[in-house]
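A.B. asks: quick check, what structure comes out for this input:
(one chain, ligands or ions: 1)
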Amino acid sequence: MAFRQKKSSKSKTKSTGKKKFWFRNEKFHFILGIFLLSFSAFLLISFVSFLFYGAADQSIMDAPWKEFLFDSSKNVRNSGMKVGALLSEKIINGGFGLASFLFIYMAALTGLKILGRSIARYRQHMLDSLLIIIWLSLTLGFIFNKTGADSFLYPGGHYGFILSNWLRSLVGIIGMALILLIIGLVYVVVRFDKAYEFLKNLLKQKPKQKPLADPEEDDDLEPFEEEKEDEIVGHDDISTVIGEDDVVRAIFEPDGDEDFEVEQKEEPEEVVAEEEPVEVEAEEELSLHVEPKVKEEEVDEIEPEELEDYDPTLDLASYKFPTLELLEDHKFDNAEVKQEELVANKNKIVETLRHYKIEITKIRATIGPTITLYEIVPAPGVRISKIKNLEDDIALSLSALGIRIIAPIPGRGTIGIEVPNQHPEVVSMHSIVRSKKFQESTAELPVAMGKTISNETYMFDLAKMPHILVAGATGQGKSVGVNVIITSLLYKKHPSQLKFVFIDPKKVELNIYSVIEKHYLAKLPDTEEAVITDIQKVKNTLNSVNIEMDARYDLLKAAHARNIKEYNKKFISRRLNPEKGHKFMPYIVVIIDEFADLIMTAGKEIELPIARIAQLARAVGIHMIIATQRPSTNIITGVIKANFPARIAFKVASMIDSRTILDTPGANQLIGKGDMLIASGSEITRVQCAFVDTPEVEKICAFIGDQRGYPTAFLLPEYVGDDEPGPGDVDLNNRDDLFDDAARVVVMNQMGSTSMIQRRFAIGYNRAGRLMDQLEAAGIVGPSEGSKARQVLISDEYSLEQLLNNL
Ligand SMILES: Nc1ncnc2c1ncn2[C@@H]1O[C@H](COP(=O)(O)OP(=O)(O)OP(=O)(O)O)[C@@H](O)[C@H]1O
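C.D. replies: Below you'll find the model as predicted:
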């Protein structure tokens, strides 16, 4: 029932895929194209004869419509007959006047395009036509304003007439004429460079910069538009009555939420960096500097009009997202907070405060999944610090652990006392994934973490965080938290859009995901396991991610894109040439479980590449999540803290640990079992983490793993560590597994080319290079000759086999 909701939005991708399939049907194209061409021919004939016979046909057209349509004795003179006359009347007179002829042009052009004729700048033609229709209809409506009464023809059509009358009433005849003239002029200047040059020469002293707006500029600005924020799921179960007859009155409005979404706008500095040169140049010589910039863009870009948008999901077009049934509802685990519990807690709070001579004027309860927030308004004159100091006394009187006092609650003017519920609720991943907020999220990397104190789904966009440090004592819900993050992403992102790098020195937590290797995992070439456990491989992988990051930056630079979103948008609209190395970039999320173990064994060798990724990788779509159960300062160092602004703290043993993670106490007062504090920027939110059990994750992974995947995991660039043998020291006793095959290929082709070996065996450049060095050491090929292929020293396969046998 409720699952249906999920299906509708989740299957968006799926249904668009189907639609596209239907739309791509060749026969459908042919029929539609022919229809549009015939229709435009018919309209042309009808429109033209309407100009000649429209007046004569008016009387018949004025007849009641039944008579007009069904009385075959009444005939019109229009060559398109009654339908032609009617269409002409409705489109020309009832619509946009003589400008409506352009509709014919648009229909014909569309027909030809659908039939497969390549039409350069099709979209531009359509846009131009629409603009001209509006402008011309308005202008003709304005000019022929008076003639409407005695002529059958409205040259500006109904809309031109109405709109021009309205504008005239606003700005008068002269104002209106000026507006039309200026709009026309701006259009001509923007569209036609020659006209612009001409006008510029004409008015040499006062050149106008504005009209030369680079179409790319619009594009560049787009990412800075605020993304639509998700709707908040309605919740009516937030506040609860404490008791009418109590000494202190309870307030029960639903909470306004100042969720995390206040965060992150795109950094303005980047805009400045990009736009500055244009402004500086504009001061000197207005137009000259803008032109070459456009040309520079074109070097890397290909003509977009000819091709349909690239669809990265096409390789796995039939991929099905995991369904909601794979997740448990955990409903039976849930318990309501009883009215008596609320009243009892309230009374104890009030009594304890009274005991210390603190009067309060209001108290309100907001029931969360695991804790209830009692918000109090102290009587005037009471010092807040006094209440804060009573934390332990209130905890004692309520005989409960995990009491936290927030004094004051930012932006509310109240003091919050968080009290754990006697029977905490399990927030199921099921309920979170099903929430409207998650389903309708438009975030790049949406993660639904759990529920806030006011029972709202707590979500964030990992792309904006951009890296997360997760810490907490053992057994408090850290691994579940990491699984929740991964699961959220699996429910929302297609394998083509997201890749994970899993690093798990303990070899237990993340191994569960190895079955989705060919869908979602990234690994080094030539490695067996996609979930990395070996410390040397961890180093190599992190360095390889660094190389990938640098390569992505190079591509972004060549594409004049500021971030991955902008780059992929350009790539999808086929404005980047794959032959120049451009490719669709999936997001890469690096997850390191038990970070402490790594730092203890490898120290700086691990910390430095992590810090570099954390500092730089955001713009190129590489994000990191590191988890540790040892939140000490030698693990969470200053370098790590500085680069991981978003932190998630599960319950920790001491206040010092809490400070190490969050820079503030609080995590030591949590109650465990997924109770957590999320710090993002200066805001700290208490959230009950969703619960996803290992069998649920296994089911999701099996669901994905059983589907067709890519031939291999996503291959990261090859990285050769310093301690691995370089090309100089070749040990023929330790030959590459592909040595014999590579030798045969080289001899058969009589070509000693590294890239041929690379291509033939689908291996990285470094490995192919090493193979070539070994072939040289074995005397099969000659020494390197720069960019030329090496000389092959063995002329036939027989000699080669003999040589191989003797090695
Ligand atoms: N969000 C949650 N809701 C309810 N129970 C939870 C939640 N998270 C964890 N738990 C309970 O706590 C137990 C331990 O959780 P988890 O394995 O995630 O701890 P951990 O911090 O990763 O421990 P370790 O560091 O030893 O791996 C779970 O088996 C589960 O019973």
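A.B. asks: distance check, residue 462 against the ligand.
C.D. replies: 19 Å (C-beta to the nearest ligand atom, to the nearest Å). Yep, even glycine has a C-beta here, placed from its N, CA and C like the rest.
A.B. asks: now that residue, nearest residue through space, not along the chain?
C.D. replies: residue 445 (3.8 Å; C-beta to C-beta, 6 or more residues apart in numbering).
A.B. asks: just residue 32 next, same as before
C.D. replies: Per C-beta to C-beta, 6+ apart, closest to residue 32 is residue 114, 5.4 Å.
A.B. asks: the one you found: neighbour count?
C.D. replies: 18 (other C-beta atoms under 10 Å).
A.B. asks: the ligand contacts on the stretch 551-700 of the chain?
C.D. replies: Contacts of the stretch 551-700 of the chain with the ligand, taken as C-beta under 6 Å from any ligand atom, map to 629, 673-674, 689-691.
A.B. asks: tell me which element residue 362 falls in.
C.D. replies: Following DSSP states H and E, one finds residue 362 within strand 360-367.
A.B. asks: same check, this time on residue 139
C.D. replies: With DSSP H and E as criterion, residue 139 is part of helix 122-143.
A.B. asks: pLDDT on that helix, on average?
C.D. replies: On average, the pLDDT along helix 122-143 is 87.
A.B. asks: can you name the element that comes right after it?
C.D. replies: That would be, after helix 122-143 and using DSSP H and E, helix 157-191.
A.B. asks: count the residues that sit near the residue of the chain found nearest the ligand.
C.D. replies: Using C-beta to the nearest ligand atom, the closest approach of the chain to the ligand is made by residue 674 at 2.2 Å. Residue 674 has 27 neighbours, counted by other C-beta under 10 Å.
A.B. asks: likewise residue 405?
C.D. replies: Residues lying near residue 405 (other C-beta under 10 Å) number 20.
A.B. asks: where along the stretch 651-800 of the chain do the strands fall?
C.D. replies: 675-680, 683-689, 714-715 (DSSP state E, counting those that start in this stretch).
A.B. asks: the last one - contacts with which helices or strands?
C.D. replies: Read it as strand 714-715. strand 522-523 (3 or more C-beta pairs under 8 Å, 6 or more residues apart in numbering; DSSP states H and E).
A.B. asks: starting at the chain centroid, how far to the very next helix or strand once past the strand it packs on?
C.D. replies: Next helix or strand after strand 522-523 toward the C-terminus (DSSP H and E): strand 531-532. With C-alpha atoms, centre = their mean, to the nearest Å as the basis, strand 531-532 stands 26 Å off its chain's centre.
A.B. asks: again with stretch 648-659
C.D. replies: With C-alpha atoms, centre = their mean, you get 32 Å for stretch 648-659.
A.B. asks: which other residues reach that stretch?
C.D. replies: 449, 468-473, 476-478, 481, 631-632, 661-662, 664-668, 670-672, 674-679, 689 (C-beta atoms under 8 Å, 6 or more residues apart in numbering).
A.B. asks: now the strands for the stretch 401-550 of the chain?
C.D. replies: 404-406, 415-420, 446-452, 457-461, 468-471, 498-503, 522-523, 531-532.
A.B. asks: contact residues of the stretch 301-450 of the chain facing the ligand?
C.D. replies: Looking at the ligand, the residues of the stretch 301-450 of the chain close enough under C-beta under 6 Å from any ligand atom are residue 426.
A.B. asks: could you list the low-pLDDT ranges of the stretch 301-450 of the chain?
C.D. replies: Along the stretch 301-450 of the chain, segments meeting pLDDT under 70 span 301-307, 331-335.
A.B. asks: what segments of it are helices?
C.D. replies: 339-355, 384-388, 391-397, 429-434, 436-439 (DSSP state H, counting those that start in this stretch).
A.B. asks: so the closest residue to residue 501 other than its chain neighbours, which of the three states?
C.D. replies: Closest residue in space to residue 501, ignoring its immediate chain neighbours: residue 590 at 4.4 Å, by C-beta to C-beta, 6+ apart. What DSSP: H, G, I helix; E, B strand; the rest coil gives for residue 590 is strand.
A.B. asks: which ones are touching residue 590?
C.D. replies: So residue 590 contacts 500-501, 503, 542, 545, 613, 622-625 (C-beta under 8 Å, 6+ apart).
A.B. asks: at 10 Å what do you get?
C.D. replies: 467, 499-503, 522, 541-542, 545, 610, 613-614, 617, 622-626 (C-beta atoms under 10 Å, 6 or more residues apart in numbering).
A.B. asks: and the pLDDT for it?
C.D. replies: pLDDT at residue 590 comes out at 96.
A.B. asks: beta partners for it?
C.D. replies: residue 501, residue 624 (DSSP bridges).
A.B. asks: from residue 532, how far out is it?
C.D. replies: Separation of residue 590 from residue 532 (C-beta to C-beta, to the nearest Å) stands at 10 Å.
A.B. asks: need the residues touching each of those two.
C.D. replies: By C-beta under 10 Å, 6+ apart, the residues touching both residue 590 and residue 532 are 501-503, 541-542.
A.B. asks: so what's the closest residue in space to residue 191 that isn't next to it in sequence up against?
C.D. replies: Leaving aside its sequence neighbours, residue 191 sits nearest to residue 128 (C-beta to C-beta, 6+ apart; 6.9 Å). Applying C-beta under 10 Å, 6+ apart to residue 128 gives the contacts 102, 106, 121, 187, 191.
A.B. asks: are any of those residues buried, and which?
C.D. replies: Buried by 16 or more other C-beta atoms under 10 Å: 102, 106, 187, out of those.
A.B. asks: make a markdown table out of those residues and add pLDDT.
C.D. replies: Supplementary listing: these in a markdown table, determined by pLDDT from 0 to 100:
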| residue | pLDDT |
| --- | --- |
| 102 | 90 |
| 106 | 90 |
| 187 | 84 |
